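*Asks:* Need the 3D shape of this:
(4 chains)
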4 protein chains.
Amino acid sequence: MGNFKGHALPGSFFLVAGLWWAGKASFWHVARRGRGTAPPLASRVVQRRLEILEASVTVAFSVIGMLAEQFVPDGPWLRLYNTEEQHWERLMNWQHATMYLFFALAGGVALAVHTTGSAPIALDRLLLAIAFFTEGFLFLYHLHGRAMLDVHVHQLLLYAVFGTALTAFLEMFLRGNLLLELLRAALSVLQGSWFWQIGFVLYPPGGLAKWDLMDHNNMMFITMCYCWHLALALLTVALVYCTVCWVARTRLRRTPSVEMGLLKTDRDLESEDEM
Amino acid sequence: MGNFKGHALPGSFFLVAGLWWAGKASFWHVARRGRGTAPPLASRVVQRRLEILEASVTVAFSVIGMLAEQFVPDGPWLRLYNTEEQHWERLMNWQHATMYLFFALAGGVALAVHTTGSAPIALDRLLLAIAFFTEGFLFLYHLHGRAMLDVHVHQLLLYAVFGTALTAFLEMFLRGNLLLELLRAALSVLQGSWFWQIGFVLYPPGGLAKWDLMDHNNMMFITMCYCWHLALALLTVALVYCTVCWVARTRLRRTPSVEMGLLKTDRDLESEDEM
Amino acid sequence: MGNFKGHALPGSFFLVAGLWWAGKASFWHVARRGRGTAPPLASRVVQRRLEILEASVTVAFSVIGMLAEQFVPDGPWLRLYNTEEQHWERLMNWQHATMYLFFALAGGVALAVHTTGSAPIALDRLLLAIAFFTEGFLFLYHLHGRAMLDVHVHQLLLYAVFGTALTAFLEMFLRGNLLLELLRAALSVLQGSWFWQIGFVLYPPGGLAKWDLMDHNNMMFITMCYCWHLALALLTVALVYCTVCWVARTRLRRTPSVEMGLLKTDRDLESEDEM
Amino acid sequence: MGNFKGHALPGSFFLVAGLWWAGKASFWHVARRGRGTAPPLASRVVQRRLEILEASVTVAFSVIGMLAEQFVPDGPWLRLYNTEEQHWERLMNWQHATMYLFFALAGGVALAVHTTGSAPIALDRLLLAIAFFTEGFLFLYHLHGRAMLDVHVHQLLLYAVFGTALTAFLEMFLRGNLLLELLRAALSVLQGSWFWQIGFVLYPPGGLAKWDLMDHNNMMFITMCYCWHLALALLTVALVYCTVCWVARTRLRRTPSVEMGLLKTDRDLESEDEM
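*Replies:* Numbers count the residues shown, from 1 in each chain, chains lettered A, B, ... in the order given. Predicted coordinates:
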């Protein structure tokens, strides 16, 4: 989807996913430490429900994305090879649909794991790592023969994508590590905001000046700009974490001490679940 | 072996190995969790016998492979250097025989480890990692001067090969981790099915149209196709896992509760063995 | 800052940081092992105060660095793009300011973590790893189109920079591992002394002969010279470690045995803090 | 030292080191498992003495190597820069001396660690990893402008060198892991035998035919030959392990059961030492 919207849309998805992950990880961390949050929310059932909700939304959006890539007016309409003219039909759309496919797989497996509980819970992180790895893998072989700056902005994207894949893979063995979860959230926010930046650079909307794609100074600026996005992503995640902590602490003060005992029991259940 | 059969044959081996590993890992996982399987099968003796069987088959097929590479009609017949014409004899066959050699080594060591028990049990994974690494290593320096698409399909293969090597190496330290075992199985299935794909692309059998090896669109399609193979491999392994779980659960219902106690004892022996 | 001072200044900072880290790690290691040091120093409060001091100094120097890069006479004065002449304003200064920004972030987060204690303590290492990674990342895309030796001396720098980032990342999971802390200190000393070396090679001060930047023998010498710097950095850190050990042991002999009991209590507090 | 002896000599050192490490690791593994070996040998004091012996020999040979590189007839005699003719003096010899320097450092630190016990015992592995890394690092920037096959045989060497460095680094955290120790031994044997192979290829001794350094088939053969060296190295280490096991078991049968109790106490001391 070589236009501004085609980069803004996935960018928004990754932004939302990053913010959601940051909020979720902060919330459970605070709940585990018993420093707050309302008891009914912190229970094991709620945690499972949230995971199922997240997985369902992932599957839904991925399937919608796959259908959209196939059935937009200039899409391939499930036709892969044009035998008359001897060429592949709209490979770009097929590639994007393949990316969505792996996120749909990750969502589906997460759904199965959290609904039935018949597989190790870390399976959802493994599939997430594979989904991000495949996304990066396809981008890697996607860039042949484009202009210098075009290649460069997509290469920078790969740092965030493969970084997320690596973090999710590490989480397979270190599940529940708050820092890895926040790092994954930050890298997802980075990827989201960088998609928007790519849109602005390659397809400047609304009469903005075009960028010179062969200028070396532009490349140097873009590299630095990527670091600013990273700093902003880190600050955003920090802000989410602080807000969650502050809200939880405020609500804790209002919770009478009698309920504190109940809260403890809930926490035990959770940490059991965490295993 | 630059023909269709020469790719289909090793491909079939890796497919079978992947399916076997997926089944074995799922079976022991289910047995360990005590959610089923017939008691006599789950015992320590059976586990050891299965490992010995697997190792023996690996050795047998590797030795057959080595002999076949040497003594096919146009093979080198153990002759390495042609001193008259001053050139190396059929280096390709020698290289393939070298690959088989390392799998034979891995099988032989696994046989020794599981028969005598006089070495740490993780040694079989180390040798497996080395066998896959060597396979990838030889492929890596194998591709000089071929057509673009030929190089590319073999490079894609390396992701599966080195991925399997890395997974087996991690298993050295995290033995019995179900997810790593399933990942290794999936990567082996991927390697097997991709060997078949290479055969179809480079040596289209039975009157199929030839591929243009220098077309950039073909390269983009093949990259995406590799991802589809990965998705299929993941689904295949998931299917094996679910089937094993379902069969085990069905048989458990028929097992009277008296035998459950015996089952527990078996499980203790196993987990001891697992160490 | 393409001159001698512009390399000597950051070099001195990294030298001081490395020496400080070596001293701090050695001191706490000795204190933990209870083989000396005066009791009041070893207490938990002091440890926290030292961390806060270190973080404050990091923030202060990083902010001063950012301001200096912006407001030196030939700096950009916060102007990023020159719309009249259509070019970016002094990208070098902006890049250096970006590097300082991440160290300021790392310092700020360390300050928050050690002051409030409302986040996992390992967060300071994660941010440190990100700060070093970003420094290396910007250097990596910084070198296009320079002379061979100029590129080479900066590439060598990257080994130390990415090495520090990797060590800090490992410390996230293995906090308090003396060897990793000393390795990080040594790599920081190496980076510092190498900055000085770069200054001497590219901008020889005070009438020293210029280096031929295209001579292959110079490149080979410089590579070897880098190894000597590494050896010196290792020796420096070893010297700091031995001095701290020796001082601590000397002072212990003078401590009466009555205070030894108190010391033990302090140590318990510390190791609790270490968690 | 661009001749046959200059490769055979270091090759022999690494061969001996690999065999020694294989024997040492096997011996302690067997002793720890209490399946034999004469009691007095297995004691803690002996283990420390062996480590000190190994470190002393390492230091001695490294210093001899450094002196030899400097004071051979056509060596640099400690002269680094020829100011009259404006060129560096014999950089090759200086580079080799630098490699020896790091092994001397590793030996010296191991000596200090095992003699005084005032530093974490894993420090010897860290320095060993750094020594091998530096060796590989210098080789990496050593190969500019040579013939194709010359570059290739040295590049293959790097797999063994960096592999040893990585294994030693992992041992920092997993000390006493038999498999890592045997892997390090095998990679060291591989490096040793490959040095001999390089000597035979580049400087064929005694009237052997010269190799065509630009022939692509020679490159393919050499790559395969490297795998054969790896297989031989693995078999050599396996042979050493089996011999040690067999000897230990034979001697155990002759040890009366009364001494078995004493043996147990020794083992406890050892495993304590292992920590």
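*Asks:* could you point out the longest helix in chain A?
*Replies:* helix A:216-254 (DSSP state H).
*Asks:* and that one with chain C, contact?
*Replies:* Yes. Counting by C-beta under 8 Å from any C-beta of the partner chain, chain C has neighbours in helix A:216-254: A:216-221, A:223-224, A:227-228, A:230-231, A:234, A:238, A:241, A:245. In this view, the C-beta of every residue, glycine as well, is placed from N, C-alpha and C.
*Asks:* Which residue in the residues you listed has the weakest pLDDT?
*Replies:* The lowest pLDDT within these belongs to residue A:216, which sits at 83.
*Asks:* Excluding residues flanking it in the chain, which one is nearest that one?
*Replies:* What sits nearest to residue A:216 in space, not counting adjacent residues and going by C-beta to C-beta, 6 or more residues apart in numbering or on different chains, is residue C:144, at 6.5 Å.
*Asks:* if we can go back for a sec, ranking by neighbours, what's the top pick from the residues of helix A:216-254 next to chain C?
*Replies:* residue A:230 (26 neighbours; other C-beta atoms under 10 Å in any protein chain shown).
*Asks:* now it: how far from residue A:224?
*Replies:* Relative to residue A:224, residue A:230 is positioned 11 Å away (C-beta to C-beta, to the nearest Å).
*Asks:* repeat for residue A:150
*Replies:* 18 Å.
*Asks:* Same question for residue A:46.
*Replies:* Applying C-beta to C-beta to residue A:46 and residue A:224 gives a distance of 43 Å.
*Asks:* what's the answer for residue A:48, then?
*Replies:* Relative to residue A:224, and taking C-beta to C-beta, residue A:48 is found at 43 Å.
*Asks:* these two touch, right, residue A:113 and residue A:128?
*Replies:* No. Between residue A:113 and residue A:128 there is no contact under C-beta atoms under 8 Å: 11.4 Å.
*Asks:* what about the closest residue to chain B within the stretch 151-275 of chain A, how many neighbours?
*Replies:* The minimum distance from the stretch 151-275 of chain A to chain B, using C-beta to the nearest C-beta, falls at residue A:172 (6.2 Å). Neighbour count of residue A:172, defined by other C-beta under 10 Å: 21.
*Asks:* One more: residue A:239?
*Replies:* The burial count assigned to residue A:239 is 12, neighbours taken as other C-beta under 10 Å.
*Asks:* wait, isn't residue A:18 in contact with residue A:182?
*Replies:* No. Contact criterion C-beta under 8 Å: residue A:18 and residue A:182 do not qualify, at 10.0 Å.
*Asks:* Which residues of the stretch 51-200 of chain A lie near chain B?
*Replies:* Residues of the stretch 51-200 of chain A lying near chain B (C-beta under 8 Å from any C-beta): A:87-88, A:91, A:94-95, A:98, A:101-102, A:105, A:109, A:118-120, A:122-123, A:126-127, A:130, A:134, A:137-138, A:141-142, A:144-145, A:172-173.
*Asks:* hang on, isn't residue A:121 packed against residue A:172?
*Replies:* No. Using C-beta under 8 Å, residue A:121 is not in contact with residue A:172, being 10.1 Å away.
*Asks:* Nearest residue to whichever residue of chain A sits closest to chain B in space, please, no chain neighbours.
*Replies:* Of all residues in chain A, residue A:141 sits closest to chain B, at 4.4 Å by C-beta to the nearest C-beta. Counting by C-beta to C-beta, 6+ apart, residue A:141 lies nearest to residue B:223, which is 4.4 Å off, once chain neighbours are set aside.
*Asks:* ok, now residue A:27?
*Replies:* residue A:244 is the one closest to residue A:27 (C-beta to C-beta, 6+ apart), at 5.4 Å.
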